[in-house]
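**Q** I need the structure of the sequence given here:
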Amino acid sequence: MVEAMEIPKGFKKTELGIIPSDWEVKTLGGVGEVKMCRRVFNHETQFEGTIPFYKIGTFGKEADAYISEDLYNNYRQRFSFPKKGDILISAAGTIGRTLIYDGTPAYFQDSNIVWIDNKESLISNNFLYHVFQVVKYNTEGGTIQRLYNNILRSTKFLCPPTKAEQTAIATALNDADSLITQLEKLIAKKRAIKQGAMQALLTGKRRLSGFEQKRFKETDLGLIPSDWNLHILGEVSYMKGRIGWQGLKQTEFTMNPDEPFLITGMNFKDGEIRWDEVYHVPEDRYQVAKEIQLKQGDVLITKDGTIGKLLYVEQIPYPHKATLNSHLLVFRPIAKSYDPLYLYYNLSSSYFKNHIELNKSGTTFFGISQETVSKYLIPLPSTIAEQSAIGNVLSNMDAEIETLEKKLDKYKMLKQGMMQNLLTGKTRLMG
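**A** Numbering: from 1, shown residues only. This next block holds a predicted model:
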């Protein structure tokens, strides 16, 4: 016999779980009416104008249609229109997305973008915004395709007894959102700085201390420093992929952690191998093609499917070893002609992305041949020392961005925990 769950003092059991005894289960329909703008027909829209008209496809993005000021003023005065601070909700497409209306002149597609005309005396928009991030819409099973008005009205949520407590919860969550937003902006700024540094350092327009050189020369890629050289990639880099009889069948994949790894393009992202997601292969299949046995310092690229994904192999977890599947190419320098980290960043640049885009083959499933990759023109500083210095500067920038991204992930997890506790009353900010 299962014992009944003990309800702590000061709490009560409800259909939404155990909540503080002074909290209530409310419905969205109980705090306000579902509203939408008056319908606008296609012939009433235009490609340019002053009043943006947001459809479900452009909700939260940039508008691609406009209406006249006369129509906007007419409909706004005569029909339902959101107040500044109202929470707009997507009722079609990806349902439940929210946007706080900032009061600037704009119009919204009827029935696809709606809002709750809530009474601020009962529930504040600030609190309601956070409620919308956690509510579960009553779908009666299955996947909901549209957020109909009756579903919105019947959706239940937990509500503190006073506006003061609602405000305290909303303020705490807003502060968490603000920290996340600030960090996201900082990361975007750091990424932009890194892109600018790549553009300057990989073309020699900016030289690092100890490698200054003022003279330039004209090449097929434009001006480069006079002490740099322009090379065809195939002349300075060994390239190899698993081909023909070397191909592995999926039945040969294993999950035995003691056997060699099989690296695919699906296993790396943002310059890192997701080792815990990698399949393994038997030792004899690893030994089939020694030239594609993974080594520290290898540069890998996907050559079909999602082409152009890159990886610099910084290290292989000891004592493991790895090989490649047929969708990857490995680059290694011929006669120490370049620093692998420098090549990794050059292949990460817009120049190489343009080379791929111009030379890829296929219509629905794209690919790029080893021969095409080998014809890529790459400017190389004349010394490995300068190449290494450039690679290290960019690598340090990546490390700083990665640290910030991990911090952002931590903030987001903390915010989720805050929502779980504050919006259920498990943690109270007021007595």
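**Q** does Lys217 really touch Asn229, like I thought?
**A** No: between Lys217 and Asn229 there is no contact under C-beta atoms under 8 Å: 9.7 Å. The C-beta positions use only the backbone N, C-alpha and C, and glycine is treated the same way.
**Q** looking at these two, which is more packed in?
**A** For Lys217 versus Asn229, neighbours defined as other C-beta atoms under 10 Å are more numerous around Asn229 (16 against 12).
**Q** distance of the more buried one relative to Phe216?
**A** Distance of Asn229 to Phe216, computed by C-beta to C-beta, to the nearest Å: 13 Å.
**Q** repeat for Ile334
**A** From Ile334 to Phe216 the distance is 27 Å (C-beta to C-beta).
**Q** buried ones in stretch 95-102, by neighbour count?
**A** 95-96, 98-99, 101 (16 or more other C-beta atoms under 10 Å).
**Q** of all those, which comes closest to Glu69?
**A** Lowest distance from Glu69 to those (C-beta to C-beta) belongs to Tyr101, with 18.3 Å.
**Q** contacting residues for the closest residue to Leu71 other than its chain neighbours?
**A** Among residues not flanking Leu71 along the chain, Glu44 sits closest, at 6.1 Å (C-beta to C-beta, 6 or more residues apart in numbering). By C-beta atoms under 8 Å, 6 or more residues apart in numbering, the contact list for Glu44 reads 67-68, 71.
**Q** mind giving me the ChimeraX select for those residues, buried ones only?
**A** Buried residues among the contacts of Glu44 (16+ other C-beta under 10 Å), as a ChimeraX selection:
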select :67,71
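**Q** please flag which of the contacts of Glu44 sit within helices.
**A** Leu71 (DSSP state H).
**Q** and of the contacts of Glu44, the nearest to Phe365?
**A** Using C-beta to C-beta, Ile67 comes nearest to Phe365 of the contacts of Glu44, at 41.7 Å.
**Q** ranges for the helices of the stretch 1-150 of the chain?
**A** In the stretch 1-150 of the chain, the segments counted as helices under DSSP state H, counting those that start in this stretch are 28-31, 69-78, 125-132, 149-154.
**Q** and those helices: which comes nearest Ile169?
**A** The nearest among the helices of the stretch 1-150 of the chain, by C-beta to C-beta, is helix 125-132 at 6.2 Å.
**Q** now for that closest one, which elements pack on it?
**A** strand 87-90, strand 98-100, strand 113-118, helix 163-201 (3 or more C-beta pairs under 8 Å, 6 or more residues apart in numbering; DSSP states H and E).
**Q** surely Glu33 meets Trp115?
**A** No: using C-beta under 8 Å, Glu33 makes no contact with Trp115, being 9.5 Å away.
**Q** neighbour count for those two, which is higher?
**A** Neighbour totals were compared for Glu33 and Trp115, and Trp115 leads with 27 against 15 (other C-beta under 10 Å).
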